[in-house]
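Undergrad: Make a model of this:
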Amino acid sequence: MKIMSWNCNGSFREKINSITQKNQKTYVDADIYVICECENPDESHPDYKEYKELIQDLFGDNHYWVGNLPYKGLGIFAKDNVDLIELETNGNFEFFKAFRVNDSFNLLTIWVQDKDKEKGLNPYVEMIHDFFDANTELFDENLIICGDLNSSAVFDHKHNAKDDNGNAKNHTNLDKKLNDKGLFSVYHELSNEENGKEKQKTFFLYRHLNYQFHLDYVYANKEIIEKTILKEKGKNVYEDLPNKFEILDKWNWISLSDHLPVVFEWD
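TA: Sure thing, here's the model as predicted:
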């Protein structure tokens, strides 16, 4: 199973060929694509006609999309070998979508944004804490989490709101909550780097290479991670491991988005 998680920075209808055509250097042959900030493929606007037809050709009806604006939402697109069953979750968390995949594991896809006053949602990582607390039963070792969490330990000081246990709703404490449920950041486990001190970044503010952060994640259980190799540009990998995790090359992707795709493949 291979999942690509990418905040495409809008205009996905103009970029989808970059990841789905084999002759492109940015081609990614994934089973599931989790795309943040993409257009609604079922939008009837004539400018979306070709995009809609391409989504239908590639994925048929095996896709989900949520959003308040037709040009900017969260899309989950899966090949026909993937059976996605949407799971019900508690609360008004629109951009947190959970699925049962091939009756084998659960997948939580996330695009975290600023606060939503109308829905009473807190900003950024605080919103993830609130979702966790409202859906604790979803979080176990059978869950894979991926998406643009818009969260980093470097922003811990900005999130002083407390949860029911009196702990700050920041990234460091979110990571601890997930660890306690048997879920760990794949990148951090493989790189042995601390949260907030990542060598590989996933986000470049306004696409400036000097303003870079690690905001995109995959969480999985230790059994999966122990069989996973971190792929890095320019390094030969000889380990005979079935699973792979990779943050794709910024030089190929920075022209397409301010976020780099994260690709996770496991047996």
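
Undergrad: do you know how far the nearest residue to residue 259 once chain neighbours are set aside is from residue 185?
TA: Counting by C-beta to C-beta, 6 or more residues apart in numbering, residue 7 is the residue found nearest to residue 259 once chain neighbours are left out, at 3.9 Å. (Each C-beta comes from the backbone N, C-alpha and C, glycine too.) Using C-beta to C-beta, to the nearest Å, residue 7 is found at 17 Å from residue 185.

Undergrad: cool, residue 103 as well?
TA: 26 Å.

Undergrad: quick one: which of the two has more around it?
TA: Comparing residue 103 with residue 185 by other C-beta atoms under 10 Å, the one with more neighbours is residue 185, at 23 against 7.

Undergrad: all strands in the stretch 151-267 of the chain, in order from the N-terminus.
TA: Taking DSSP state E, counting those that start in this stretch to define them, one finds strands in the stretch 151-267 of the chain at 184-185, 203-204, 212-213, 216-220, 228-231, 243-247, 262-265.

Undergrad: Pull up the pairing partners for the first one, direction included.
TA: So the one you mean is strand 184-185. Strand pairing for strand 184-185, determined by DSSP bridges: strand 216-220 (antiparallel).

Undergrad: Can you give the contact residues for stretch 104-114?
TA: 3, 5, 7, 32, 34, 36-37, 74, 76, 87, 95-101, 123-125, 127-128, 138, 142-151 (C-beta atoms under 8 Å, 6 or more residues apart in numbering).

Undergrad: let's see it at 7 Å
TA: 34, 36, 74, 76, 87, 95-101, 123-124, 127-128, 138, 142-151 (C-beta atoms under 7 Å, 6 or more residues apart in numbering).

Undergrad: which secondary structure element contains residue 92?
TA: For residue 92, there is no host helix or strand (DSSP states H and E).

Undergrad: thought it was touching residue 117?
TA: No. Using C-beta atoms under 7 Å, residue 92 is not in contact with residue 117, being 11.6 Å away.

Undergrad: on that earlier part again, you'd agree the residue nearest to residue 259 is up against residue 257?
TA: Yes. In this structure, residue 7 is within contact of residue 257 by C-beta under 7 Å, at 6.4 Å.

Undergrad: Among the two, which residue is more densely surrounded?
TA: residue 7 (25 against 22).

Undergrad: Which strand residues bridge the more buried one?
TA: Residue 7 forms beta bridges with residue 36, as assigned by DSSP bridges.

Undergrad: and the gap between it and residue 153?
TA: Look at residue 7 and residue 153: by C-beta to C-beta, they are 19 Å apart.

Undergrad: With residue 258 instead?
TA: 20 Å.

Undergrad: export the strands of the stretch 151-267 of the chain to a markdown table and tack on mean pLDDT?
TA: Formatted as a markdown table, the strands of the stretch 151-267 of the chain follow (pLDDT from 0 to 100):
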| stretch | mean pLDDT |
| --- | --- |
| strand 184-185 | 98 |
| strand 203-204 | 98 |
| strand 212-213 | 98 |
| strand 216-220 | 98 |
| strand 228-231 | 94 |
| strand 243-247 | 97 |
| strand 262-265 | 98 |
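
Undergrad: In CSV: those strands, plus distance to residue 25.
TA: As requested, the strands of the stretch 151-267 of the chain are arranged in CSV below (distance: least, C-beta to C-beta, whole Å):
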stretch, distance to residue 25
strand 184-185, 27
strand 203-204, 19
strand 212-213, 21
strand 216-220, 20
strand 228-231, 16
strand 243-247, 14
strand 262-265, 14
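
Undergrad: Highest mean neighbour count out of the ones you listed?
TA: When the strands of the stretch 151-267 of the chain are scored by mean count of other C-beta atoms under 10 Å, the highest mean neighbour count falls to strand 216-220 (a mean of 25).

Undergrad: and the angle from it to strand 243-247?
TA: If you take axes from the mean of the first three to the mean of the last three C-alpha atoms, to 10 degrees, strand 216-220 sits at 160 degrees to strand 243-247.
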